[in-house]
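# Could you look at this predicted model? Sequence included:
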Amino acid sequence: MDKDRIIGSAEEYAGKVGNTVGSMTDDKKAQAEGLARQAKGSAQELYGQTKDMAREATDTATQYARKVYENSGDAVRDSSQVLAEKVKENPLGSVVLAGVVGFGLALLLMRPPSRPSHRWRS
């Protein structure tokens, strides 16, 4: 729990007490000060809650990223093992597939740049 939440709750309570005392003694100034202190305490408590929520969200995101990072090595290792097994099962098909992918990449990289249409030139 954030210290702003604790201090804000205390300020809010003190403001309620001041407002009540002002109401009992019919002191408008004490009532106004109590309400102002209560509002200040509420704002400080809300600020502390916001800080707590941001801290929790950051911690959760960090834990999630850590788990993803730790598990990513396993996924890469598993997928490379599966790929190696498939190549062993069908070496000719793997060579043909690699050639088709390479040819497709070469076509994409060697393609001439597209020219703008003539009707938009001024």
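Sure, I can see it.
# low-confidence ranges in this protein?
Judged by pLDDT under 70, the chain has its weakly predicted residues at 116-122.
# Does the closest residue to Gly18 other than its chain neighbours belong to a helix, a strand or coil?
Nearest non-adjacent residue to Gly18, counting by C-beta to C-beta, 6 or more residues apart in numbering: Gly34, 3.0 Å away. In short, each C-beta sits where N, CA and C put it, glycine included. Per DSSP: H, G, I helix; E, B strand; the rest coil, the local secondary structure of Gly34 is helix.
# Is Ser114 in a helix, a strand, or coil?
Of the three states, Ser114 takes coil according to three-state DSSP.
# Could you measure from the residue most central in space within the chain over to Arg55?
What sits nearest the mean C-alpha location of the chain, by C-alpha atoms, centre = their mean, is Ala61, with 6.3 Å. Distance of Ala61 to Arg55, given as C-beta to C-beta, to the nearest Å: 11 Å.
# How about Gly8?
For Gly8, the distance to Arg55 equals 16 Å [C-beta to C-beta].
# quick one: which of those two has more around it?
For the pair Gly8 and Arg55, the greater number of neighbours falls to Gly8 (21 against 11), based on other C-beta atoms under 10 Å.
# what about that one, which helix or strand?
Using DSSP states H and E, Gly8 falls within helix 3-25.
# so what does that helix touch, helix or strand wise?
Helix 3-25 makes packing contacts with helix 28-89 when contacts are defined by 3 or more C-beta pairs under 8 Å, 6 or more residues apart in numbering; DSSP states H and E.
# so how far is the helix or strand following the helix it packs on off the chain centroid?
The element immediately downstream of helix 28-89 (helix or strand, assigned by DSSP H and E) is helix 91-110. Centroid separation for helix 91-110 versus its chain: 39 Å, with C-alpha atoms, centre = their mean, to the nearest Å.
# Kindly format the C-alpha coordinates of helix 91-110 as CSV.
Output of helix 91-110 as CSV, limited to C-alpha atoms (Å, rounded to 0.1, in the frame of the first residue of the first chain):
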residue,chain,number,x,y,z
PRO,A,91,15.3,-34.5,-48.0
LEU,A,92,14.3,-34.1,-51.6
GLY,A,93,11.1,-32.3,-50.8
SER,A,94,12.9,-30.0,-48.4
VAL,A,95,15.5,-29.1,-51.1
VAL,A,96,12.7,-28.3,-53.6
LEU,A,97,10.8,-26.3,-51.0
ALA,A,98,13.9,-24.3,-50.1
GLY,A,99,14.5,-23.6,-53.8
VAL,A,100,10.9,-22.4,-54.3
VAL,A,101,11.1,-20.1,-51.3
GLY,A,102,14.5,-18.8,-52.5
PHE,A,103,13.3,-18.2,-56.0
GLY,A,104,10.2,-16.3,-54.7
LEU,A,105,12.4,-14.1,-52.5
ALA,A,106,14.7,-13.4,-55.4
LEU,A,107,11.7,-12.3,-57.6
LEU,A,108,10.5,-10.0,-54.8
LEU,A,109,14.0,-8.4,-54.3
MET,A,110,14.9,-8.1,-58.0
